[in-house]
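A.B. asks: give me coordinates for this.
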Amino acid sequence: MTERPEAARVERQVAAVVADVGEEARALDVATWLAELERAARAAERPGRAARAALVKDGARAAAAGSALAVVIDAWLTSGWVLWRTLEAEDVSRAELGRLAGALLRALDDGAKELAAGYVNEQRAAVRRDEGARAVLLDDLLGAAPVDEVVAAADALGIDVRAARAVLVARGSGDALLDRLRDAGALATPRGGLLVAVLAGAEPPRVGARAGLGRPAAGVAGIRRSYREARRALDVADRLGLVGVVPYDEVLPEVLLAQDPAALAVLVDETLAGLRGGRRGAAPLLETLDAWFACNRNVAATARRLGIHERTAVYRLQRVEALTGLDLDDADDAFRLQLALRGRTLITPETP
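C.D. replies: Presented below is the predicted three-dimensional model:
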C-alpha cells in the first residue's frame, strides 16, 4: 500500500523541523502543531480553546521531560516557517497569500504564549513539589525516621547525607535568607518557626540573622547531633544577645551551664546574693568582678577597662570577697565566681 500524499507531506515537514531545531524536537508533538497552524491559517481563525489547552499541556509535558523552553519555542516557530513554505508555493493570489500570512503569524504568537505558560506553570509546580519533598526529608532527617529510609529519600533528591554536614538554625524565615542558603547548596526549609539548613560546605554562608551552628558530622546520626547542637547554640545566643552565626563549640561552656536551669539558678543565687549588701548595690561589684576575669585577673588592666582608679578596683574586689565569703586567690573559689557570673546571663529569674 502506498503512503497517502498528505501523510508523506506531514512527515517531510516534521523532518524539516527536526533538521532545523535538532533531535530534541522529536520529543514534541510537531505533527499536531503543523495541523493546527494550517487549520488556523486557512480558516483565518485564532487557535480555539481546545487547541490552546492542548498547547498548554504540551508546554507542561516538555518541562516535565526536561526539554529547554528555547527548544520548545524554536520548534513551534520553525513549524510555522516550514508550513509557510508549503503555503507560499500554492497557486493563490497575492491577497490570499497575505491573508494566510497574517493568520499564521497570529496563530504562532498565540501558540507561543500558551506553550510558554504551560512550561512555566509546570516548572513552578515542580519547584513546589521539590520544596515539599525537601521539607519532608528534612523532618525525617532531623527526626526519628529510620536511617535507611532517610538515605534513600535523600539519594532520590540528589542530596548526600553520608558526607560530613553541619546544621544551621536561624532566627528568621524570610524568602531572601532561604534563597541565599539554597543558592549555597544547603537543604533548607522553615521548620517550627525557625529556618533550618543542612549545609553543603564547611563554612556557613552569611545569613544576616542570629543563628546557631552545630559541628559538622557525617551520616544521619551525625547530622541529627549537629542539629541539636545548633539549637542549643541558638538558645545561648538568644539569652546572651549575641549576633550573627554562633558556633556551638564557641559557646560550649554556656551550653553546659544552661542544661540544668534550676541548678544554675541555685548556684547564681547562693554565690552572688551577698553582693546585694554592697553600699551601691551589686552592680558595680559585679561589673568589676566581670572585668577582672576578662583582664586575666590583672587589677591595673581592670581599672583601665572600667575607667576607675586602681585603688577603687582593689576595694571593690575586696568587698566581693567579704560579701561572698570567697577568696579570689583560691582557684576553686574563683572558678565558682566565674561560673556564677556566666550563669547569671543565662537564667531567666532576676539575679543580683
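
A.B. asks: drop to CA atoms for contacts and neighbour counts, all remaining ones
C.D. replies: Fine.

A.B. asks: pull out the buried residues from the lowest-mean-pLDDT helix or strand in the chain.
C.D. replies: For the chain, the helix or strand with the lowest mean confidence is helix 175-183, at a mean of 79 (criterion: mean pLDDT, DSSP states H and E). Burial within helix 175-183, assessed by neighbour count using 16 or more other C-alpha atoms under 10 Å, is assigned to Leu177, Leu178, Leu181, Arg182.

A.B. asks: ok, stretch 242-253 next?
C.D. replies: Result for stretch 242-253 [16+ other C-alpha under 10 Å]: buried residues Val245, Val246, Pro247, Tyr248, Val251.

A.B. asks: what's the span of it from first residue to last?
C.D. replies: 15 Å (C-alpha to C-alpha, to the nearest Å).

A.B. asks: counting contacts, what elements does the longest helix seen in the chain pack onto?
C.D. replies: Using DSSP state H to define each element, the chain has its longest helix at helix 94-142. With contacts taken as 3 or more C-alpha pairs under 8 Å, 6 or more residues apart in numbering; DSSP states H and E, helix 94-142 sits against helix 30-43, helix 49-65, helix 69-88, helix 147-156, strand 187-191, helix 219-240.

A.B. asks: nearest to Val17, of the ones you listed?
C.D. replies: Closest of the helices and strands packed on helix 94-142 to Val17 is helix 69-88, at 6.0 Å (criterion: C-alpha to C-alpha).

A.B. asks: once you drop chain neighbours, what's closest to Glu254?
C.D. replies: Leaving out its chain neighbours, the residue that sits closest to Glu254 by C-alpha to C-alpha, 6 or more residues apart in numbering is Val236, at 6.7 Å.

A.B. asks: my read is that the one you found contacts Leu256, right?
C.D. replies: No - if you go by C-alpha atoms under 8 Å, Val236 and Leu256 don't touch, sitting 10.1 Å apart.

A.B. asks: mind listing what Arg215 touches?
C.D. replies: Neighbouring residues of Arg215 by C-alpha atoms under 8 Å, 6 or more residues apart in numbering: Ala166, Val167, Ser226, Glu229, Ala230, Pro247, Tyr248, Asp249.

A.B. asks: 7 Å - rerun?
C.D. replies: Ala166, Ser226, Tyr248 (C-alpha atoms under 7 Å, 6 or more residues apart in numbering).

A.B. asks: okay, those residues in a markdown table with pLDDT and distance to Gly214 next?
C.D. replies: Output for the contacts of Arg215, formatted as a markdown table (pLDDT from 0 to 100; distance: C-alpha to C-alpha, whole Å):
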| residue | pLDDT | distance to Gly214 |
| --- | --- | --- |
| Ala166 | 93 | 6 |
| Ser226 | 94 | 4 |
| Tyr248 | 93 | 5 |
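
A.B. asks: show me which of those residues is closest to Pro205.
C.D. replies: Of the contacts of Arg215, the one sitting nearest to Pro205 (C-alpha to C-alpha) turns out to be Ala166, at 11.9 Å.

A.B. asks: I'd say Gly219 and Arg165 touch.
C.D. replies: No - in terms of C-alpha atoms under 7 Å, Gly219 does not count as a neighbour of Arg165; the distance is 8.1 Å.

A.B. asks: neighbour-wise, which of those two wins?
C.D. replies: Higher neighbour count among Gly219 and Arg165: Arg165, with 25 against 17, using other C-alpha atoms under 10 Å.

A.B. asks: can you tell me, leaving aside adjacent residues, what's nearest to the more buried one?
C.D. replies: Arg165 sits nearest to Pro216 (C-alpha to C-alpha, 6+ apart), 4.7 Å away.

A.B. asks: what's the spacing between the one you found and Arg46?
C.D. replies: 60 Å.

A.B. asks: also Glu23?
C.D. replies: 29 Å.

A.B. asks: looking at the two, which is more packed in?
C.D. replies: Counted by other C-alpha under 10 Å, Glu23 and Arg46 do not tie: Arg46 has more neighbours, with 22 against 12.

A.B. asks: what's near enough to touch the more buried one?
C.D. replies: Contacts of Arg46 (C-alpha under 7 Å, 6+ apart): Ala40, Arg106, Ala107.

A.B. asks: just Ala218 next, same as before
C.D. replies: Arg162, Ala163, Ala164, Arg165 are the contacts of Ala218 under C-alpha under 7 Å, 6+ apart.

A.B. asks: so which of those wins on neighbours?
C.D. replies: Arg165 (25 neighbours).

A.B. asks: for the stretch 251-352 of the chain, which spans come out with low pLDDT?
C.D. replies: 278, 348-352 (pLDDT under 70).
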